[in-house]
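Trainee: Starting from these lines, generate the structure:
(one chain, ligands or ions: 1)
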Amino acid sequence: MRLLLVEDEAAIACRIRESLEEAGYTVDWARDGVEALALAREREYAALILDLMLPGVDGWEVCETLRRRRDPTPILMLTARGALEDRIRGFEIGADDYLPKPFELPELRVRVRALIRRSAVHRTRLIRIDDLEIDTEARRVSRSGREIPLTPREYTLLEALARNEGRVLSRETIRERVWDDDESYSNTIAVRIRQLRQKVDDGHAVRLIHTVYGQGYVLRAPESEIEI
Ligand code: CA
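Mentor: Numbers count the residues shown, from 1 in each chain. Okay, here's the model as predicted:
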């Protein structure tokens, strides 16, 4: 499982990373908020460990931006000890847990594990976008109540788009999330999207899957905004 650690102090980041890697996680390290937001867009993380005091774009802004993008990645904030206002503000803008600094590494590991477990339980089974319905457990898709038969690959592609509703996924991101086992598929993403669109959108007045030229693909309800 891959985690994103956002911490500007190298010594602290190193210790945290080592400890989490020992626990079996793969850890990407971002030194500032800008890098964190770029990484979070490119990859899917099981959880984010977010220091608040960062140069430039701080932890608050990272958290707010992710939630605005409708990124559901669970966030563990690292706060100053005793800063009650920080914790309240953190929860208000969408953080899931906090840990006051300085902390013991075993506690961090336990909290990360609990956070991931909770988010897996709450991860929505049913995704509804306009009249499109995706049952992620049964891997069944329907539109206006009519079932749409999809190949496993088409399903994975659709679910990736739907979980990022309103957010443009680049070809690289799609290749990584949907075709991670076979790089030779990268040229055929446009073809697969076209096939998926035929099955999902043809015959419907409202089109859900859109191409954003030069950027990638997005699935969105007609009234929602696109974020590039
Ligand atoms: Ca810091």
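
Trainee: residues from the protein in reach of the ion?
Mentor: 8, 51, 53 (Cβ under 5 Å from the ion). Glycine gets a C-beta too; all of them are placed from N, C-alpha and C.

Trainee: any idea how far the residue of the chain most remote from its centre lies from residue 146?
Mentor: If you look at how far each residue of the chain sits from its centre, by Cα atoms, centre = their mean, the farthest one is residue 203, at 30.8 Å. From residue 203 across to residue 146, the span is 10 Å (Cβ to Cβ, to the nearest Å).

Trainee: buried sites along the worst-scoring helix or strand of the chain on mean pLDDT?
Mentor: None of the helices or strands of the chain scores lower by mean pLDDT, DSSP states H and E than helix 171-178, at a mean of 82. Going by neighbour count (16 or more other Cβ atoms under 10 Å), the buried part of helix 171-178 is 173-178.

Trainee: Please parse the chain into its domains.
Mentor: Following automatic domain parsing, one finds the domains of the chain at 2-122, 126-219.

Trainee: Among these, show the one with the smallest mean pLDDT.
Mentor: Mean pLDDT values for these show the minimum at domain 126-219, a mean of 87.

Trainee: tell me how far the ends of that domain are from each other?
Mentor: From its first residue to its last, domain 126-219 covers 16 Å (Cα to Cα, to the nearest Å).

Trainee: now swap in stretch 12-32 and tell me
Mentor: Distance between the two ends of stretch 12-32: 14 Å, counting by Cα to Cα.

Trainee: how about it: buried residues?
Mentor: Buried residues in stretch 12-32, defined by neighbour count with 16+ other Cβ under 10 Å: 13, 16-17, 19-20, 23, 25, 27-32.

Trainee: related to what we said a few turns ago, now tell me what touches the least confident helix or strand of the chain from outside.
Mentor: Contact with helix 171-178 is made by 41-44, 153, 156-157, 160, 169, 183, 185-186, 189, 216-217, as judged by Cβ atoms under 8 Å, 6 or more residues apart in numbering.

Trainee: Might you calculate how far stretch 94-102 sits from the centre of the chain?
Mentor: 19 Å (Cα atoms, centre = their mean, to the nearest Å).

Trainee: Show me what it is in contact with.
Mentor: For stretch 94-102, contacts defined as Cβ under 8 Å, 6+ apart pick out 50, 63-64, 66-67, 74-83, 86-87, 90-91, 107-108, 111, 114-115, 118-119.

Trainee: With stretch 107-117 instead?
Mentor: Contacts of stretch 107-117 (Cβ under 8 Å, 6+ apart): 1, 3, 16, 19-20, 23, 25, 46-47, 49, 74, 76, 96-97, 99.

Trainee: now the helices for this structure?
Mentor: Using DSSP state H, the helices assigned to the chain run over residues 10-22, 33-42, 59-68, 84-92, 105-122, 152-163, 171-178, 189-201.

Trainee: excluding its backbone neighbours, what's nearest residue 57?
Mentor: Spatial nearest neighbour of residue 57, chain neighbours left out: residue 33 (2.9 Å); criterion: Cβ to Cβ, 6 or more residues apart in numbering.

Trainee: Now do the contacts for the one you found.
Mentor: Contact analysis of residue 33 by Cβ under 8 Å, 6+ apart lists 6, 54, 56-59, 61-62.

Trainee: among those, which ones are buried?
Mentor: Buried subset of the contacts of residue 33 (neighbour count, 16+ other Cβ under 10 Å): 6, 54, 57-59, 61-62.

Trainee: Most widely separated two among these?
Mentor: Spatially, the most separated pair among the buried ones among the contacts of residue 33 is 6 and 61, at 11.2 Å (Cβ to Cβ).
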